[in-house]
Each structure stands twice: as C-alpha cells, then as structure tokens.
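S.K.: Predicted model and sequence below, questions to follow.
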There are 2 protein chains.
Amino acid sequence: MVVTLKDIANRIGKSVTTVSRALHDYNDVSPETKELVHQVAEEMGYSPNTLAQRLQKRQSDTIGLILPTFGPRFSDPFFSELLAGIGNKAVSLGYDLLVSTSSPGERELQIYKKMVNGRRVDGFIVVRTRKEDRRVEYLLEKDFPFVAFGRVGINNEFPYVDEDGAYGMRSIAKHLVTLGFTNIGCIAPDPQLTFASSRVDGLRAGLTDHGITLDEDYVCIGDLTQSGGYKQANCLLDKLHPPSAIVACNDLMAFGAMSAIQDRGLIVGEDVAVTGFDDIPMAEHTHPPLTTVHQPVYQIGGMVCEMLIKRIQGVPMDDEHLVLKPSLIVRKSCGEK
Amino acid sequence: MVVTLKDIANRIGKSVTTVSRALHDYNDVSPETKELVHQVAEEMGYSPNTLAQRLQKRQSDTIGLILPTFGPRFSDPFFSELLAGIGNKAVSLGYDLLVSTSSPGERELQIYKKMVNGRRVDGFIVVRTRKEDRRVEYLLEKDFPFVAFGRVGINNEFPYVDEDGAYGMRSIAKHLVTLGFTNIGCIAPDPQLTFASSRVDGLRAGLTDHGITLDEDYVCIGDLTQSGGYKQANCLLDKLHPPSAIVACNDLMAFGAMSAIQDRGLIVGEDVAVTGFDDIPMAEHTHPPLTTVHQPVYQIGGMVCEMLIKRIQGVPMDDEHLVLKPSLIVRKSCGEK
DNA sequence: TTGAAAGCGCTAACAA
DNA sequence: TTGTTAGCGCTTTCAA
C-alpha cells in the first residue's frame, strides 16, 4: 500500500542505500540512476516516512507550545494571533507545531516533562511567564531548548522576547494625566505573572512622574478575562470615591470594565475613562473604541519561533534578549481629545 | 546521556525484550524481574522514545488541525475555544495535537498532503467546511481518517458534527419579527462556506414564515471579521431605505456592524437592531450586549476530537452525524423586550 | 558509482 | 520465564 525506499529499490534493482542517496541528490550517484530513481519515486508516489527519518536523526522537527488556559473556556484573541504567528513561521522553516493546553500547575509541568522525556519536541515556546516559573526552571535545569515570551523574576539567562510593559504603561499614565485624570484605578493581573508587576509598576511610576500617587486600594486583581474585568471594575466603582479612570492591564479586562460602567448607566469616555493593553483587533470596534497599547503579537510569534529554531539548530541569534517598545494607541475611551 | 531499554538491560544483565515486556506488565515475566526492571528504570530515569514506539507501531498518535486564517491577523476567539476543546480532549485520550495554519487554497491542500504522505498524523479535524471542499475530497479519496466540523455541498458520507444553522437563524428571524422588525439586512459569509447558506437560508425561511421577504439586495458578503462587518454594515446603512435590523452571520461581524452604526451617531438596539451568531464570550460584554445564537464550541471541539480518535482506532461511534440545535440568547442589541 | 552492514529505539513472533 | 531474531523505514559509515 504505502511506498517505501525498499519498494523503489526492488523495482529498479538497486539497493535501498542508492535510492536514498539519489533522492537526497548526493553527488556520488550516477546521473542516470538519479534520474531513474526520481522518476520511479514520483511514479510510485513515494514520500518518506517522517517518523523513520526523525528516529534516525534523533530529532522530532517539532516545537511545542502549551497554551495557558484558565477554566474550560479559553477564548483569548491574543493567543490565537500569537499562535498564527508561531504556526506560520514554523511551517515556513519546516517544523511542526505541537500544541497542548493546560492551566498552570502540576499537570502543566507533567506535560512539559512528558514531551521532553519522550523526545516529542525539540524545543518549547514558553508563554505567559511567571515570577517563579517552574517551567523555565525545569527546562533550564534539563538544558532543553526554549524561548520565552516574557521574563521571570530572577535569572533571565535564556533567550526571550518581551515587551516593555512599564514603558507602555507610562505612556498610558502620561496620556491620562494630560487629560486631567487624577483619581485612577487599576485592574491588574495575578501578581505572579511577570508582566503584571512591570505594567503596574510602570503605571505607578508614570503617575508619580506627574505628581500623582496610585492608591494601592485602587489596584484590583482580575483574571484577564472580560468577566474578571467586569467584576473588578464594579469593585472599583463601588468605592466611596470611585476612580474617574480605570486602567486595565489587558484589553479583555478593559472590555469587561466598559460593560460594568455602562451597566451603571455611565458613559465610557465621559463619566469614566478606560484603557487597555494589547490592542487586539476587537479594541478598535468597541463602543467607544478602546485607547490601548499596541503589541505586534503576530510578529512576536514569528520572532519567538525563529529564535527557538535557531537555538535548536545551534545557529547563533542576533540577539537573545529582545524587549520591544509598545506604542500607545489613542482612541475614544478616555474622551475626545 | 539518554537512557534506553538497552541501558537498563545491560545494567541488570537481561535482554532488551525482557525489559520491554516487564515495563509493559506482560504476565510472562517473573515478578522479581518485573520489580527489578521497574525499579532500575525509575532509578535511571527511563522514558520510552516515542518516536521509536511510533515508528514500530506505524502510528503517530497525533491528530492534525489546520486552522483557516485569512490574512496575517488571525484573531478569532471562536477558534481558540474550539482549539482548547480539541486540545484538552486529545491529551486526555493520549494523543498529540499538531496545529498548522493556512489560508484556504492550494498551499492549504499541500499541507494536508504533506501530513498524510509523511504519516505525521493519524487523522484530521477539518474545520470551516466549504461547499466544494478539496480537503474532504482528498481525504475521502485517500480513505484517510477525519472528522469535520460542518458539512459540504454534496455527499456527506463522513463523520461530522455540525450545528443546525438554519434552525438558529429561524429563531433569530422569529425574534426580530416578534419585535416588529420588517426591513432586515443580512451580513453573510462567503457563500462557498457551507454554513453560510444554511444560515442565510434559515433566515430567509424564518422571515418568510412570518410573511416577510428578505430582499436579496440587503444581503452583503463579509469576511467574518469585525472590519468586514463594519464595511458591510456601512453598505447596508448607505441604502436609500436602510434596514432597521442587521443580522450578522457571526458575532465578530456583528461587532463590526455595531461600530458602524455607532459611528453614525445611531444607537444599537434603538435605531438599528443587530444580531450575531456563535455567542463568543465577548458578546456578553459589548455595549449593548449582543443578541446571538449560542454554540457550545468548547464541547464541540471535544466531541469532534473524540469521534476522530474512535475513527482512528476503529471503535464504532454512537452516531457519525451529529447536528446540534443552537439556542437563541436574547440580550439587548435588538432593544429592550 | 554502488551495496552490505549497522544502527536509531522499540515491539513482537518464535524458540528454548 | 527468558532470549534470539527480525523488522518498522530510514541514513550513514565503510568497503568494494
């Protein structure tokens, strides 16, 4: 049924070795046999068995990506775009992409271990890094190739791409201050996530620069989803002196915050300002459109993937540590300029 | 460095075969050796080389999913949720999930062929089916296992899960008619997509049931993204007698339509009604919240995956053809009830 | 220019 | 209960 090298060899009365070499265009095969082999291979519809090739090379030509889910519904446009960036780059470089999903925790680490031990992948892309990240500790300790999107708390001695979250948040701070906002609330992610502190610290610093103090009681922790944003915005709005601007640390939570505001009959951009972070496509189409910070997620996916493959192949990288400057996108959610 | 069966065998002075059998708990191995093997394996940190196992089994234990992207930005919450459903089920059943991305067309088919020929996957999940679908034609012809989410134009002799789009749209139609809308516009997907016609036909039929005719000039084709919805809604609104209700065939386009309406200073749910389809999490958090049709995407992912694995393993399925009835979710985008 | 032989790491049929 | 042998499909010495 399925054609193998042996079938071709039998057919033309040559050895498997010769056929293999002919197919790989080795120059120690006579032009005639080469020609013949190619022709017969074509005719018989031969394709190499990748499993066999990989076993022999001791390489899986596959990179792994384990998506962090929280709860069953995982509907994050941010990650689907990152995935597309990684996936497209991977195919173009001849690699397969193995995707798995897991919420952070013990089981998550098991999946990494299983992949590493079973030699199912040649390397990993680690996303949504945490301050103490067992995944990177593990991979580092095993000396297993990986590239992270994001940094960890201490010892960032591994290749990564990260965005300068503090910088992004400073631009948000500046923008809000310029518009005259002084009473500001923040919906932050779980502080275990590395990007949480850089963003919140950036906001705090940016505000301080303009003589405004971020009240720590006005910093709530949300779970990065719309519902989380909704809930936390309500907390903020229930305060005695509710903030006049809510800075969400990602777009999804910002959307939730907008809902919360609107559900109270208030108007986003007039009564309460809202900002996001990420600039997912939806941000442009909310009502009002969301002022946020743009990250080139698709490109980041490509970069991370490319770096990983270089790392796997032992090709030196131009730069092991990339920190991108995100840019402020002003729309209408903080009022008309 | 890496421990193999041979290493264990050498260590305890037994054959590789015995070790292999011991590890698999065959009952023709003495309890003592079994015990010993397990212990030594543990101690040496042995894990089987999956590549080798797979080559020998002639099974990749991997299922393939090729995501349809349109343009570089691929940010579809619908698919990230489907992916999570598939991914979680796959791990739980011991399968790897290979994900690739491609826009429809020749290159897409090449990817399928490459995976099939190289025996990289044991089966596919085919999503976003088209009326004439080269992918399913190809897989059918090769007799290669797959399960589709959606049907094709003719000859649906393969396992699939689909939602009853016509039914969903009839509920939308009924809802709108009940609220008194008579001048209705529709933003449909590319008619090549199978679900396009079932949804549009459903809408048309539902309207007809109530004595209303859907004007074919009021059916625009959008690309399933927010921008597409935005653009097409504008076309509709530019008409001499613009529709008072816009039925979008997915939520993303509905969001775009809402933007378009709002950008004209009109109010969604008062001046113009809008409906969607899919009920992605965002739908609950727009302003106003979107009336739409709910599909249990996460579960569908799990079902499709499970069916595929049964198909691969030759286990009979309870039902090869599943058509789910989606349910209307009334929110505020058509006005208060 | 070609082929025999070995080996990647594993499983399985068959003997002993 | 265990080991020998063969083989999955491929690549790569090495010798001819």
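M.R.: Thanks, I have it. Numbering: from 1, shown residues only, chains lettered A, B, ... in the order given.
S.K.: How about the contacts made by the residue of the stretch 101-250 of chain A found nearest DNA strand C?
M.R.: Closest approach between the stretch 101-250 of chain A and DNA strand C, counting by Cβ to the nearest atom of the strand: A:Arg119, at 8.1 Å. (Each C-beta comes from the backbone N, C-alpha and C, glycine too.) Each residue near A:Arg119 by Cβ atoms under 8 Å, 6 or more residues apart in numbering or on different chains is listed here: A:58, A:60, B:2, B:49-51.
S.K.: Just the ones in helices from these, please.
M.R.: Cross-referencing the contacts of A:Arg119 against helices under DSSP state H gives B:50-51.
S.K.: And the contacts of A:Arg119, which is closest to A:Leu109?
M.R.: Each of these was scored against A:Leu109 by Cβ to Cβ, and B:Thr50 proved nearest at 18.3 Å.
S.K.: Which parts of chain A are helices?
M.R.: Under DSSP H, chain A gives helices at A:5-12, A:16-23, A:31-44, A:50-57, A:77-92, A:106-117, A:134-142, A:165-178, A:194-209, A:226-237, A:251-263, A:297-313.
S.K.: Determine which stretch of the ones you listed is the most buried.
M.R.: Highest mean neighbour count of those: helix A:251-263, a mean of 27 (counted as mean count of other Cβ atoms under 10 Å in any protein chain shown).
S.K.: Run the contact check for it versus chain B.
M.R.: Yes: judged by Cβ under 8 Å from any Cβ of the partner chain, helix A:251-263 comes into contact with chain B through A:255-256, A:258-259, A:262.
S.K.: Could you chop chain A up by domain?
M.R.: Per automatic domain parsing, the structural domains of chain A span A:5-48, A:62-163+A:298-325, A:165-295.
S.K.: Looking at these, which is nearest to B:Thr129?
M.R.: The nearest among the domains of chain A, by Cβ to Cβ, is domain A:62-163+A:298-325 at 19.6 Å.
S.K.: thinking again about what came up before, turn the domains of chain A into CSV, including distance to B:His38 and mean pLDDT.
M.R.: Output for those, formatted as CSV (distance: least, Cβ to Cβ, whole Å; pLDDT from 0 to 100):
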stretch, distance to B:His38, mean pLDDT
domain A:5-48, 36, 95
domain A:62-163+A:298-325, 16, 94
domain A:165-295, 37, 96
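S.K.: how about these, which one is nearest B:Ser102?
M.R.: Comparing these under Cβ to Cβ, the one sitting nearest is domain A:62-163+A:298-325, at 7.7 Å.
S.K.: still on that earlier bit, pop out the phi and psi values for the residue of the stretch 101-250 of chain A closest to DNA strand C.
M.R.: Per-residue torsions, A:Arg119: phi 50, psi 40 (degrees, to the nearest 10).
S.K.: Pull the number of nearby residues for A:Tyr46.
M.R.: A:Tyr46: 20 surrounding residues under other Cβ atoms under 10 Å in any protein chain shown.
S.K.: roughly how far apart are it and DNA strand C?
M.R.: The spacing between A:Tyr46 and DNA strand C, counted by Cβ to the nearest atom of the strand, to the nearest Å, is 16 Å.
S.K.: I'd guessed that residue sits against A:Ile8; true?
M.R.: Yes: A:Tyr46 lies in contact with A:Ile8 (Cβ atoms under 8 Å); the separation is 6.0 Å.
S.K.: any common contacting residues for those two?
M.R.: Common contacts of A:Tyr46 and A:Ile8 (Cβ under 8 Å, 6+ apart): none found.
S.K.: you'd agree A:Arg54 is up against B:Thr50?
M.R.: No: applying Cβ under 8 Å as the test, A:Arg54 and B:Thr50 come out as separate, 10.1 Å apart.
S.K.: and A:Thr292, how many residues sit next to it?
M.R.: So A:Thr292, with other Cβ under 10 Å, has 28 neighbours.
S.K.: Quickly list what it is bridged to.
M.R.: Beta-bridge pairing of A:Thr292 under DSSP bridges involves A:Ile329.
S.K.: Who are the contact partners of it?
M.R.: Contact analysis of A:Thr292 by Cβ under 8 Å, 6+ apart lists A:251, A:254, A:275-279, A:283, A:328-329, A:331.
S.K.: Swap in 7 Å and give it another go.
M.R.: A:251, A:254, A:275-279, A:283, A:329 (Cβ atoms under 7 Å, 6 or more residues apart in numbering or on different chains).
S.K.: same check, this time on A:Asn117
M.R.: A:Asn117 sits in contact with B:Ser47, where contact means Cβ under 7 Å, 6+ apart.
S.K.: ok, and the closest non-adjacent residue to A:Glu108?
M.R.: Setting aside the residues directly before and after it, A:Glu108 is nearest to A:Ser102 in space (Cβ to Cβ, 6 or more residues apart in numbering or on different chains), at 4.2 Å.
S.K.: Would you mind measuring from that neighbour to A:Arg128?
M.R.: Plainly put, A:Ser102 is 12 Å away from A:Arg128 if you go by Cβ to Cβ, to the nearest Å.
S.K.: I'd guessed A:Arg11 sits against A:Val40; true?
M.R.: Yes: the pair A:Arg11 and A:Val40 passes the contact test of Cβ atoms under 7 Å, sitting 5.8 Å apart.
S.K.: Nearest to DNA strand D, out of the domains of chain A?
M.R.: domain A:5-48 (3.4 Å).
S.K.: Distance across that closest one, terminal residue to terminal residue?
M.R.: 8 Å (Cα to Cα, to the nearest Å).
S.K.: Can you check which of the domains of chain A gets nearest to B:Ser92?
M.R.: That would be domain A:62-163+A:298-325 among these, by Cβ to Cβ, at 10.8 Å.
S.K.: That closest one: how far from the chain's middle?
M.R.: 8 Å (Cα atoms, centre = their mean, to the nearest Å).
S.K.: repeat for stretch A:273-288
M.R.: For stretch A:273-288, the distance to the chain centre is 19 Å (Cα atoms, centre = their mean).
S.K.: what does stretch A:284-299 give?
M.R.: 16 Å.
S.K.: Just the CA atoms of that stretch, as PDB, please.
M.R.: Presented in PDB, the C-alpha positions along stretch A:284-299 are these (Å, rounded to 0.1, in the frame of the first residue of the first chain):
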ATOM      1  CA  GLU A 284     -11.000  49.100  17.600                       C
ATOM      2  CA  HIS A 285     -14.600  48.100  17.400                       C
ATOM      3  CA  THR A 286     -15.900  48.600  20.900                       C
ATOM      4  CA  HIS A 287     -18.100  51.400  21.700                       C
ATOM      5  CA  PRO A 288     -16.300  53.700  22.300                       C
ATOM      6  CA  PRO A 289     -13.100  52.300  20.700                       C
ATOM      7  CA  LEU A 290     -10.600  51.500  23.300                       C
ATOM      8  CA  THR A 291      -7.400  53.500  24.000                       C
ATOM      9  CA  THR A 292      -4.800  50.900  24.500                       C
ATOM     10  CA  VAL A 293      -1.200  49.900  24.000                       C
ATOM     11  CA  HIS A 294      -0.300  48.100  20.800                       C
ATOM     12  CA  GLN A 295       1.800  44.900  20.800                       C
ATOM     13  CA  PRO A 296       2.700  43.300  17.500                       C
ATOM     14  CA  VAL A 297       1.600  39.900  18.600                       C
ATOM     15  CA  TYR A 298       1.700  38.200  15.300                       C
ATOM     16  CA  GLN A 299       5.300  39.300  14.600                       C
END
